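Q: task: produce atomic coordinates for the following.
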Amino acid sequence: MSVSENRMLPKEKVVRESEEIQEICDVSGYLSRVNACIRERSSSEDILVYRGEPDVYDRPCRPNIFRRGVLSGNQFFEKNLFDAMRQNKLSGEERYLDNAIDAQHGEFPSRLLDVSYNCLTALYFAVTPYYHQTEDSMDDRDGMVYIFFFHELFSPSAGNTNAAYEAMILQDQEWYQGNSLFEKNHKFIDHTKLNNRIVAQQGAFVLFPGREPESLPECLYCGIRIPQEAKARIRKELKQLFGIHTGSIYPEIINLVEELSSKSRKINTEEFTCGNELRQALRLLERELGYYLEYALEQKRSGVEHMEQILLHIERVTDSYRRGILEVLQKDRQQLLGAQECRTVIGGYNQLVEQFFQAAKNYGLGEFSREALEIPEMV
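A: As a prediction, this is how the structure comes out:
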């Protein structure tokens, strides 16, 4: 069983159920819950975006290309689709990522997941199905809003972003293809002002790189359940108070200087290389282990009896990184990584494992299998 199929902890804290906190009944209650989640989970380094879904899906936040099964039949499906779109003038763009954005909003399969910088836009999608359906057709089930906490973003026009996307589409980078480690490197891609729908929704994307959808780590998001009984009232308030509805007028694009200046400090401009992808994965592992440590401490304070199960889950997640790193290093026939860079990656990984081991020991959480998870200095 892959880690993506077993992401949930024994008592997962991604979604806080209504038994724990007061149920949402209107927009005001929703905004209070959003603020509470941000205070609890967010840091000053985070870039916050949101996504709404009109149902509580077993596998939420999945791009539609993974729901349609098209990748299993043809590994070059996406390239063929984009070439056909260009030929039929459904996209006038030369880069595959731009084609993908056009495809996403033309209802074609895509590995891009829509998110929004506006929590009220996400709320609209949580209480309203896609416009092909009537607004109240899903009022018999709860909706969900997910809040994402990203530390870095990628520009849709940058060379590294487009190189990564082309590697996924063309499958011409041996070191990158089929590696479970790099499938964890979901890339948060900033919005572009050239697409009217993206402008209207204040939208951006999360890029899923694998042939199978690796679930987003719990440290990157939390969820808010929207009760079915509140959907009709919330839709009415969104329209009356905020002008958010199916036929909304696209907002005017103003005051971008401060926004773009702030984002430019966080944009990842690293060249698309094997080494940089490995470092991105290690940064994510550091966040995951920090998240799980905080979670384990919270559970210990609550007097739970399944700490061994929690540590076993953390070991499984950590081991998925270990196996991915080993796969890269053993596959590196073309010497994409020098000896020093290999040692740096291994050392960085082992340091994170050692830090968590010491923290688990100091806080009395139990045994963490450091020796089994560490990578030998030279592979």
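Q: please report how far the closest residue to residue 172 other than its chain neighbours lies from residue 118.
A: Distances taken as Cβ to Cβ, 6 or more residues apart in numbering put residue 166 closest to residue 172, at 7.8 Å, once the chain neighbours are dropped. (Each C-beta comes from the backbone N, C-alpha and C, glycine too.) Per Cβ to Cβ, to the nearest Å, residue 166 is found 30 Å from residue 118.
Q: one more: residue 279?
A: Here the criterion is Cβ to Cβ. By it, residue 279 lies 32 Å from residue 118.
Q: grab the most central residue of this protein for me.
A: Nearest to the geometric centre of the chain sits residue 216, at 4.6 Å (Cα atoms, centre = their mean).
Q: residue contacts, that residue?
A: For residue 216, the contact set (Cβ atoms under 8 Å, 6 or more residues apart in numbering) comprises 61, 148, 186, 206.
Q: make it 7 Å
A: Listed by Cβ atoms under 7 Å, 6 or more residues apart in numbering, the contact set of residue 216 reads 61, 186.
Q: in a strand, it, correct?
A: No. Read with DSSP: H, G, I helix; E, B strand; the rest coil, residue 216 is coil and lies in no strand.
Q: next up, phi/psi of it, please.
A: phi -70, psi 140 (degrees, to the nearest 10).
Q: read off the pLDDT value for it.
A: We have a pLDDT of 90 for residue 216.
Q: now swap in residue 178 and tell me
A: For residue 178, pLDDT reads 80.
Q: chain neighbours aside, what residue packs nearest to it?
A: Distances taken as Cβ to Cβ, 6+ apart place residue 211 nearest to residue 178, at 7.3 Å, with adjacent residues excluded.
Q: and what of residue 219?
A: Distance criterion Cβ to Cβ, 6+ apart; nearest residue to residue 219, sequence neighbours excluded, is residue 291 at 3.4 Å.
Q: ok, now residue 190?
A: Among residues not flanking residue 190 along the chain, residue 153 sits closest, at 5.0 Å (Cβ to Cβ, 6+ apart).
Q: the one you found bridge partners, please.
A: Residue 153 has these beta-bridge partners by DSSP bridges: residue 267.
Q: wait, isn't it in contact with residue 188?
A: Yes. Using Cβ atoms under 7 Å, residue 153 is in contact with residue 188, at 4.8 Å.
Q: for this protein, what spans make up the strands?
A: Ranges of strands in the chain, per DSSP state E, are 47-53, 112-116, 143-150, 187-189, 203-207, 221-226.
Q: need those in a markdown table (columns: mean pLDDT, mean neighbour count and distance to residue 313).
A: Below are the strands of the chain laid out as a markdown table (pLDDT from 0 to 100; neighbours: other Cβ atoms under 10 Å; distance: least, Cβ to Cβ, whole Å):
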| stretch | mean pLDDT | mean neighbour count | distance to residue 313 |
| --- | --- | --- | --- |
| strand 47-53 | 95 | 21 | 25 |
| strand 112-116 | 92 | 24 | 24 |
| strand 143-150 | 95 | 23 | 20 |
| strand 187-189 | 93 | 22 | 25 |
| strand 203-207 | 90 | 23 | 23 |
| strand 221-226 | 93 | 22 | 17 |
